[in-house]
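S.K.: Okay, sequence plus prediction incoming.
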Amino acid sequence: MRIRDRRQTDGLVVGRRLDGRPFAIPYPEQLPHQLIGGETGSGKSGLLAAQGAALAPLEDVAMLGVDLKLTELARWHPRLTALATTPKDASLLFALGVAEMHRRNALMQSLGLRKWDTDLGPWIFIIVDELARLAGIAVEQLLAQALADTVDPKLVRQAKDALGVRLAMIDQLAALGRAPGIRLITATQYPTADVIDSSIRSQLTLRFMLRVISREQVAVILGAGNEANITPSSIPVRERGGFWCVGLPEDPRPVRGRALLIDDDTLDARFASFAHLRVPQDQVFKADPEQHQITTLRVVQ
């Protein structure tokens with residue numbers, strides 16, 4: 001599949017609406033933080049790939065990834081400033097992001113600016129694949145215990161505590177990051193209230209629901225009330241990449257679409273072609289005085 005430059009005056013094209021029109025997300029100032037939820041095989045990784053491919057050729061864009069599964073974002077490495085693949089490095093990436101956010105907000109205040117200017121630094125996109133894994137404990141282990149009705153309370157507490165620390169930093173980035181040019185793109189196969197609490201959910205206002213398994217998950221992603229009209233079966237199994245989206249500035253109602261399907265070879269070529277636009281870490285994390293580097297990296301030096 002050949003990919004053309006998808007930045008248009010109306011945003012970044014990442015899919016098609018059911019009527020065939022391009023599905024575009026706003027860029028850059030009006031782009032909200034995002035939540036992408038869908039079960040295994042629903043096409044979540046394809047929607048992430050479409051967004052990455054759309055962002056790759058843009059100048060003044062730093063892309064940072066968190067992928068504790070070591071699967072989806074590894075292909076992005078030529079274009080990524082950093083890729084955290086361990087819970088420890090995920091915490092470091094979020095902490096550095098929060099510090100940089102505060103530095104930028106203070107700088108904007110001193111300059112009398114209300115929105116970020118790329119003359120001061122790049123847009124920062126933090127892509128998190130699988131929010132649930134931020135607990136640092138195998139999600140499958142917890143699920144297996146739940147299915148066997150033998151849940152270990154200690155393991156659950158450990159998972160919630162670890163997840164809570166990292167989600168608290170994501171919550172800060174979501175609450176205060178838009179004005180200084182920081183955007184979150186988060187994804188999960190487990191879109192439940194335990195993983196995505198109401199505080200974070202309220203900040204991730206652009207939300208994509210791919211195929212899910214319960215009405216609760218519909219409500220968590222699309223918002224309470226939508227589960228009455230949009231059912232988990234509203235996206236057929238055969239329609240990989242099909243989604244409902246809420247939060248587009250020009251569309252107050254849920255919008256139905258389908259992500260662009262990009263094969264792996266095309267995606268690899270896309271990121272390799274724009275590797276020269278990768279922003280070094282020291283140009284992103286200017287707030288950190290000790291110049292800490294995220295150790296678990298898969299980037300082209």
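M.R.: Nice, thanks for sending it over. Everything numeric here is computed off the predicted structure, so don't read it as measured data.

S.K.: Remind me what the helix or strand hosting Ser110 packs against, helices and strands.
M.R.: Assigned by DSSP states H and E, Ser110 belongs to helix 87-111. With contacts taken as 3 or more Cβ pairs under 8 Å, 6 or more residues apart in numbering; DSSP states H and E, helix 87-111 sits against strand 61-67, strand 80-84, strand 123-129, helix 153-176, strand 182-188. C-beta here means a position set from N, CA and C on the backbone, and glycine is covered the same way.

S.K.: By mean pLDDT, show me the worst of those.
M.R.: Note on the helices and strands packed on helix 87-111: helix 153-176 shows the lowest mean pLDDT, a mean of 73.

S.K.: Wait, Arg103 touches Phe285, no?
M.R.: No. Judged on Cβ atoms under 8 Å, Arg103 makes no contact with Phe285 at a distance of 9.1 Å.

S.K.: more crowded one of those two?
M.R.: Phe285 (25 against 16; other Cβ atoms under 10 Å).

S.K.: correct me, but the more buried one touches Leu96?
M.R.: Yes. Using Cβ under 8 Å as the test, Phe285 is close enough to Leu96 to be in contact (4.5 Å).

S.K.: residue ranges with poor pLDDT in this protein?
M.R.: 1-10, 135-165, 288-301 (pLDDT under 70).

S.K.: The residue nearest to the spatial centre of it: what's it in contact with?
M.R.: Geometric centre of the chain, nearest residue: Ile185, 1.9 Å, by Cα atoms, centre = their mean. Taking Cβ atoms under 8 Å, 6 or more residues apart in numbering, we find Ile185 in contact with His33, Gln34, Ile36, Leu48, Gln51, Phe125, Ile126, Ile127, Val128.

S.K.: ok, and the most crowded of these?
M.R.: Busiest of the contacts of Ile185 [other Cβ under 10 Å] is Ile36, holding 30 neighbours.

S.K.: Could you list the paired strands of the host helix or strand of that residue along with their orientation?
M.R.: Assessed by DSSP H and E, Ile36 sits inside strand 34-37. Sheet pairing of strand 34-37 (DSSP bridges) gives strand 182-188 (parallel), strand 206-209 (parallel).
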